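# pasted the sequence and its predicted model underneath.
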Amino acid sequence: MLNRSRMIAVMLTAVLLMSSVCACNVNVNVNDNRKNKNEAAKEEAPEADDKEGAQETDEIKLPELKSVDFNLSVYDENDDHMIFESYGNSYLCTDASAEVYPDLSEALKAIDENEKAFYQESIDANLEDAKEFAAAQVEEGADYTYFRYSETALKCADERAVSLLRTENGYLGGAHPDYFYQAFNLDTKTGEDILLSDIITDKDKLKSLLIDKLNKKYPDGNFFDLEESLSLFELDEEQGDDADPAYVFTVDPAGLSFYFGPYDLNSYADGSQQIDIMYEEMADFLKEGFIYDDYAEEGRGDVIGDDEAAAEEEIGSKNVLAVKGAEFTGLTNLKNENNDDGTYYYEDMTEDGMTVITNMCYPNSQRDGQDTDAYAENFVCALVDNDARISGSKQDDALEESLTYPVYRVDWESGENEDTRQAMGIVILTDNFTYFYGFSCPIDAFDENADLYEESIASVELISLE
């Protein structure tokens, strides 16, 4: 994680949109029969006869996390004007999950407490300046204040790892606000930090791969000398001195994502960057025994070295399908993300402002022996709705018959009190990619729309993008 003593004040900014990494090497063929794949995987899965064994085979529920907000904002003595705006969120285990993963629960609590302590220290150290600044703003008829807040996103939560990305934002005086990234990667069973040195063996090879990807993804990136800039980065904080930054990264079953903030690689005005790297791309310097080691096993020792192998990888890692649902008029687009590997994420809101429709595709990261219903639930919690509380999941035989792929129906709720939403959707698995299509709306309006949602889902098709 970042050393806070080396960070400048943070600013108001949007969190990077995630372009998910891909870990697929098999061609997509709509006509292949895949339904027996899941059945065979279940038959091969070993029986679990104790708690630890259950974790290995997904016989128990995957870790359930909930987003918890905090607000330390300070107002003037009359509570008329905010002096220092300070808030954020952390992720904690639910009570049931804390019983299964007690070490993870304690680690997440410590992260939450450290964050609130850091914010309180920042308020205490800058409060007098904040009061003067606020008074001047009131005289000028403005309401800008000192602020420090964070937005924490859950990037992965399965029985192997929990990965969080926190964007710290703030203004403590000066020419402009600023921001930086902080990541927390925890072993789900032990609660211990997963370090980059636990994952890779050669930081020079990582640097070369990052330079190549940065130049391709950001051709107009206006970078400083990337060789020089990235040479300053250490794998872990303790490997360098206070002047040396450590890479900020998150993990998931498919690979690593790296995040670079202002001044890391270019100017403040040029913004931030994110680079995703599949485990297969690091096969020759990925440390054996890493918790997702089996995802790179196919690539280890067989790094692509000829045109034919490269062509196979290109075909196998490209999504060529999309979910086609019912047509709606007057939609407002909330999110539109298309990635180079053909994966996508769309969110649209209906004209009445009540229903959100999500249609997405992500690389299939289901492991051999992993129950498909557990995978479908985890997919929803990790990639569709980080605040999801699953209320049920089941195999949809009718859709499997029409789509010729395993299909699971998932129902859940999210939010609290008047912000509670109810949702439903389907998870479709192909050999290479996982697709989701579903609906959510305020819980008190769900019943009156349920028939429409059911009819729409029952009519979905998988169409070719080619």
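Everything's here; your move.
# from here on, contacts and neighbour counts on C-alpha atoms
Will do.
# got the contact list for the residue nearest to Lys189 when sequence neighbours are not counted?
Nearest residue to Lys189, sequence neighbours excluded (Cα to Cα, 6 or more residues apart in numbering): Tyr101, at 6.0 Å. For Tyr101, the contacting residues are Pro63, Thr188, Lys189, Thr190, by Cα atoms under 8 Å, 6 or more residues apart in numbering.
# mind listing the strands for the stretch 201-350 of the chain?
248-251, 255-260, 273-278, 321-324, 332-338, 344-349 (DSSP state E, counting those that start in this stretch).
# give me the sheet partners of the fifth one and which way each runs.
To tie it back to what came earlier, the one meant is strand 332-338. As defined by DSSP bridges, the strand partners of strand 332-338 come to strand 344-349 (antiparallel).
# extract the CA atoms of the partner strand and return them as CSV.
In CSV, the C-alpha atoms belonging to strand 344-349 read as follows (Å, rounded to 0.1, in the frame of the first residue of the first chain):
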residue,chain,number,x,y,z
TYR,A,344,-18.0,-4.6,-22.6
TYR,A,345,-20.1,-3.1,-19.8
TYR,A,346,-23.3,-1.1,-20.5
GLU,A,347,-25.7,0.4,-18.0
ASP,A,348,-28.9,2.2,-19.1
MET,A,349,-31.7,3.8,-17.1
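# what strands flank the helix or strand following it, and is each parallel or antiparallel?
Next along the chain after strand 344-349, taking DSSP states H and E as the criterion, comes strand 356-363. Strand 356-363 pairs in its sheet with strand 344-349 (antiparallel), strand 433-442 (antiparallel), by DSSP bridges.
# right, and these - which one's nearest Tyr87?
strand 433-442 (25.1 Å; Cα to Cα).
# could you dump the strands paired with strand 356-363 to CSV with mean neighbour count and distance to Glu115?
As requested, these are exported to CSV (neighbours: other Cα atoms under 10 Å; distance: least, Cα to Cα, whole Å):
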stretch, mean neighbour count, distance to Glu115
strand 344-349, 19, 31
strand 433-442, 24, 31
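# distance to Gly88 and mean pLDDT for those - can I get that in TSV?
As requested, the strands paired with strand 356-363 are exported to TSV (distance: least, Cα to Cα, whole Å; pLDDT from 0 to 100):
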stretch	distance to Gly88	mean pLDDT
strand 344-349	24	93
strand 433-442	24	95
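# make TSV from the ones you listed and add distance to Gln273 to it.
Listed next are the strands paired with strand 356-363 as TSV, based on distance: least, Cα to Cα, whole Å:
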stretch	distance to Gln273
strand 344-349	19
strand 433-442	25
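# re earlier: please name whichever of the strands of the stretch 201-350 of the chain is nearest to Val356.
Taking Cα to Cα, strand 344-349 is the member of these nearest to Val356, at 4.5 Å.
# can you list contacts of the closest one?
331-338, 355-362.
# quick one: distance of that strand to the chain centre.
16 Å (Cα atoms, centre = their mean, to the nearest Å).
# on that earlier part again, drop anything exposed from the contacts of strand 344-349.
Among the contacts of strand 344-349, those classed as buried by 16 or more other Cα atoms under 10 Å are Leu331, Thr355, Val356, Ile357, Thr358, Asn359, Met360, Cys361, Tyr362.
# for the closest residue to the fifth one other than its chain neighbours, name its beta-bridge partners.
The shortest distance from Thr358 to any non-neighbouring residue, by Cα to Cα, 6+ apart, is to Glu347 (4.6 Å). According to DSSP bridges, the residues that bridge with Glu347 are Lys335, Thr358.
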